[in-house]
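K.L.:
Just need the structure, nothing else, for what follows:
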Amino acid sequence: MTQNKGKALIIGAGIAGLSSAYYLLQKGWQVEILEQNDLSNNCSYGNAGMIVPSHFTPLAAPGVVAQGIRWMFDSKSPFYVKPSLSTQLLSWGLKFLKHTNQNHVDRSASAIRDLNLESSSLYNEIAQNPEFDFELNQNGILMLYKTEKVAEEETELAHKAISLGLPVDILDKKGIQELEPNTQLDVIGGINYKCDGHMNPVKLMKQMISYLKNNGAIFHTQHKVTGYEIAGNTIKAIIANGKKFSADRFVMTGGSFLPELAQKAGIKIQLMPGKGYSFMHTSENPIHRLEHAALLLEARVAVTPMNGQIRFGGTMELASHQDKINMKRVEGIVQSIPKYLPDFQVKLSKESEIWFGYRPCAPDGLPYLGQSSKLKNLIIAGGGGMMGLSLGPIFGKTVSELANDQKPTVEIKIFNPERFN
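P.N.:
Below is the predicted model:
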């Protein structure tokens, strides 16, 4: 730790907030964190735990709209937009449509790649700390497919990844099966993105919280932000639970609640919650196990070995926050698994076995990361969508660099948090 730089107040205790605290502490800042819930659950806990430099294509990409419309008429499909006259959804949707073009994909690819690669490297560094053991495994992620159409699309994407300098293997049925000798794969082939990895997000989050507390960070749980005290272009204090919290620098994370946090500060951030589900599965036969994390592509299901079990996750429901579990969507995940992994017969007996959370999805598929131009002591880090956990460390490091008036390690201009103002 270095000398005291001042106080930084962070809103949100997801991976972006915790990573920001981690790097700010290392630079000598006093750190306090406001969290509207307790520290036991948020979107960073229940996700697939994947580190994904392979995800260099933003959510807003050609073909997404047509595929999404087809899926909307299937109650068990991986994607759903709840029809609504909400001005927020309509505005988001129009911007999403504007960005579903190849030019946007090409313009964004290298920036997303660089952000994820640097974050992956930072995870390796964190894992070297003896206070952390979160099952980090940088052995790649397999993209598994069953149809020639998806094989063609994924092969084209893999060649794009190779042109971006990512290590990728394009494999036939025999080649992909050799990577998983302990379970049968019912696929025609797959792509091994050797640049990717996976971890146990529950262990990561708990260990990060413990590390931060041990190193002086102060947490204020059950503290929902209700307002800001602003003088000119400077935040003086944040109001939460009827109390004022002052600081020198403020960091706004907040996951899928980022738009309302920003709105209270007079900043417009476009974002929709993308609801996803996951559950843990223990194989009846311990012989059948997976060596790699994988994506079952046609079904859009994520599969991650974790703590001797497997986490299955998927679906993307774009709608406002609501706590009801849509069992049809979960059934869609369950029924797709044996089509790719016949050794895994998954049964869910009760809703309590199912976790759900909200991915913060920007309409252009890009995160929000940078210094506010309206409020000189505010830094915003969020909107990672399906890359949220993957991007955690680089979010945190960038926040620390900006707080210390340093040039960020990675170019972040394209991620300007006020780009839709």
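
K.L.:
Check which helix or strand the closest residue to residue 418 other than its chain neighbours maps to.
P.N.:
In this structure, residue 418 finds its nearest non-sequential neighbour in residue 373, 5.8 Å apart by CB to CB, 6 or more residues apart in numbering. Any C-beta I mention is one placed from the backbone N, CA and C, and that applies to glycine too. Residue 373 belongs to no helix or strand when assigned by DSSP states H and E.

K.L.:
other SSEs contacting the helix or strand hosting residue 152?
P.N.:
Per DSSP H and E, residue 152 falls inside helix 148-163. Secondary-structure packing of helix 148-163 (3 or more CB pairs under 8 Å, 6 or more residues apart in numbering; DSSP states H and E): strand 141-145, strand 168-172, strand 189-193.

K.L.:
Next up, the contacts around residue 204.
P.N.:
Neighbour list for residue 204: 15, 44, 49, 132, 134, 389 [criterion: CB atoms under 8 Å, 6 or more residues apart in numbering].

K.L.:
What ranges in the stretch 1-150 of the chain fall below the confidence cut-off?
P.N.:
For the stretch 1-150 of the chain, applying pLDDT under 70 flags the ranges 1-3, 43, 60-80, 82-85.

K.L.:
which SS class is the closest residue to residue 407 other than its chain neighbours?
P.N.:
Once flanking residues are discounted, residue 407 sits nearest to residue 401: 7.0 Å by CB to CB, 6+ apart. When classified by DSSP: H, G, I helix; E, B strand; the rest coil, residue 401 comes out as helix.

K.L.:
if I pick residue 401, what's in contact with it?
P.N.:
By CB under 8 Å, 6+ apart, residue 401 lies in contact with 407-409.

K.L.:
how close does it sit to residue 308?
P.N.:
When distance is defined by CB to CB, to the nearest Å, residue 401 is 38 Å away from residue 308.

K.L.:
And residue 384, by the same measure?
P.N.:
For residue 384 relative to residue 308 (CB to CB), the value is 28 Å.

K.L.:
More neighbours: the two, which one.
P.N.:
A count of neighbours by other CB atoms under 10 Å puts residue 384 above the other of residue 384 and residue 308, at 30 against 11.

K.L.:
Quick check: that one touching residue 395?
P.N.:
Yes - contact criterion CB atoms under 8 Å: residue 384 and residue 395 qualify, at 7.4 Å.

K.L.:
Between those two, which contacts overlap?
P.N.:
16, 367.

K.L.:
With distance to residue 116 and mean neighbour count as added columns, please give the helices and strands packed on helix 148-163 in JSON lines.
P.N.:
Formatted as JSON lines, the helices and strands packed on helix 148-163 follow (distance: least, CB to CB, whole Å; neighbours: other CB atoms under 10 Å):
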{"stretch": "strand 141-145", "distance to residue 116": "12", "mean neighbour count": "26"}
{"stretch": "strand 168-172", "distance to residue 116": "14", "mean neighbour count": "18"}
{"stretch": "strand 189-193", "distance to residue 116": "11", "mean neighbour count": "25"}
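
K.L.:
Can you convert those into CSV and add a column each for distance to residue 323?
P.N.:
Formatted as CSV, the helices and strands packed on helix 148-163 follow (distance: least, CB to CB, whole Å):
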stretch, distance to residue 323
strand 141-145, 30
strand 168-172, 39
strand 189-193, 34
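
K.L.:
Quick one: closest of those to residue 255.
P.N.:
The closest approach between residue 255 and any of those, judged by CB to CB, belongs to strand 141-145 at 23.1 Å.

K.L.:
Residue 203: what's its closest spatial neighbour, skipping adjacent residues?
P.N.:
Computed as CB to CB, 6+ apart, the closest residue to residue 203 that is not its neighbour in sequence is residue 134, at 4.2 Å.

K.L.:
again with residue 347
P.N.:
Among residues not flanking residue 347 along the chain, residue 334 sits closest, at 7.6 Å (CB to CB, 6+ apart).

K.L.:
buried set for the one helix or strand the one you found maps to?
P.N.:
Following DSSP H and E, one finds residue 334 within helix 327-340. Buried residues in helix 327-340, defined by neighbour count with 16 or more other CB atoms under 10 Å: 329-330, 332-334, 336-337, 340.

K.L.:
tell me the angle that helix makes with strand 141-145.
P.N.:
90 degrees (axes from the mean of the first three to the mean of the last three CA atoms, to 10 degrees).

K.L.:
what packs against helix 327-340?
P.N.:
Helix 327-340 sits against strand 272-281, strand 293-296, strand 301-306, strand 309-318, with contacts defined as 3+ CB pairs under 8 Å, 6+ apart.

K.L.:
just these: most buried one?
P.N.:
The highest average neighbour count among these, using mean count of other CB atoms under 10 Å, belongs to strand 293-296 at a mean of 27.

K.L.:
Sheet-wise, list the partners of that strand with their directions.
P.N.:
Partner strands and pairing direction for strand 293-296 (DSSP bridges) are strand 141-145 (parallel), strand 301-306 (antiparallel).

K.L.:
Show me the helices in this protein, by range?
P.N.:
Assignment of helices within the chain using DSSP state H yields the ranges 15-26, 43-46, 64-72, 87-99, 102-127, 148-163, 173-178, 201-214, 258-264, 327-340, 388-403.

K.L.:
Nothing else from me, thank you.
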